[in-house]
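Undergrad: sequence first, then the predicted structure, then my questions.
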Amino acid sequence: MAASPRTRNTLTLFSARDCVVCHRVRLVLAAKGVNYEMVPVDPSSPPDELIELNPYHSVPTLVDRDLVLYAASVVSEFLDERYPHPPLMPIDPLSRARLRLAMLRIEHEWVPQIQAIQHGAKNQADAGRKHLKDLLLASLPLFKASRFFLNQEMSLADCAMAPIVWRLPALGISLPKDAKVIEEYGQRIFRNPGFARSLTAEERALGELPA
């Protein structure tokens, strides 16, 4: 019988094998170099222990001894504070607020389009594909403004954005030549060994890591 997550000595993450918001949390963990145990979850059939731990039965769900956290934004900020090196949020309040707003927009506007492409009917997938591409193109000035997304150093916002950029070919989204800055942004993050560590086998098959 599997041990209860609350009795495990290591950090435990309930995560789907191909999920953009779960990937976000795994990328934070990889960037921090934190060891953890991943419990693979089929979101359509969550295991009993996840049902007991999380009233929404959702992934990602993080268990740290007696603490249970869910929602990618909550888990990501907890991990950044729990494991402060390297920091993934800027020091000044204005920059932190700016990044939080960007991550909120990703959650509320970008992620639903990915879910529609992956799980919706054809008309929903087509609409989601168009909307996501429009969002990407509208964000070109943000990708051009800094080395990373809205920041000169990698941040929690990149942990939310990079899993989306990684999935673009698999989602059937091709960008015009004048949007090459988005591809270059992705390549900067994908070259980081931490990004490779964040991928499940299923996610690794979605793209190609730089040599």
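TA: Done, it's in.
Undergrad: in this structure, where's the longest helix?
TA: helix 122-138 (DSSP state H).
Undergrad: and that helix, what does it pack against?
TA: helix 111-119 (3 or more Cβ pairs under 8 Å, 6 or more residues apart in numbering; DSSP states H and E). Where C-beta positions appear, they are placed from N, C-alpha and C, glycine not excepted.
Undergrad: just how off-centre is the helix it packs on within its chain?
TA: 14 Å (Cα atoms, centre = their mean, to the nearest Å).
Undergrad: one step back: list the buried residues of the longest helix of the chain.
TA: Buried residues in helix 122-138, counting neighbours by 16 or more other Cβ atoms under 10 Å, are found at 125, 128-129, 131-133, 136.
Undergrad: next one: stretch 60-67
TA: For stretch 60-67, using 16+ other Cβ under 10 Å, the buried residues are 60-64.
Undergrad: just the closest of these to Ser146, please.
TA: Nearest to Ser146 out of the buried residues of stretch 60-67 is Pro60 (Cβ to Cβ; 26.7 Å).
Undergrad: would you confirm that that closest one contacts Val68?
TA: No - in this structure, Pro60 is not within contact of Val68 by Cβ atoms under 8 Å, at 11.4 Å.
Undergrad: any weak-confidence spans in the protein?
TA: Scanning the chain for pLDDT under 70 picks out 1-9.
Undergrad: could I get the full set of helices for it?
TA: Under DSSP H, the chain gives helices at 20-32, 48-53, 72-82, 93-105, 111-119, 122-138, 140-145, 156-167, 180-190, 193-198, 201-204.
Undergrad: residues contacting the most centrally placed residue in the chain?
TA: Nearest residue to the geometric centre of the chain (Cα atoms, centre = their mean): Arg24, 1.8 Å. If you count contacts by Cβ atoms under 8 Å, 6 or more residues apart in numbering, Arg24 has them with 60, 72, 76, 159-160, 163.
Undergrad: let's go with 10 Å and repeat that
TA: The contact partners of Arg24, taken as Cβ atoms under 10 Å, 6 or more residues apart in numbering, are 60, 72-73, 75-76, 103, 106-107, 111, 156, 158-164, 198.
Undergrad: likewise Asn54?
TA: Contacts of Asn54 by Cβ under 10 Å, 6+ apart are 14, 46, 60-63, 68-71.
Undergrad: between these, which is nearest Gly172?
TA: Pro60 (25.1 Å).
Undergrad: is it true that that closest one touches Phe78?
TA: No - with contact defined as Cβ atoms under 10 Å, Pro60 does not count as touching Phe78 (11.4 Å).
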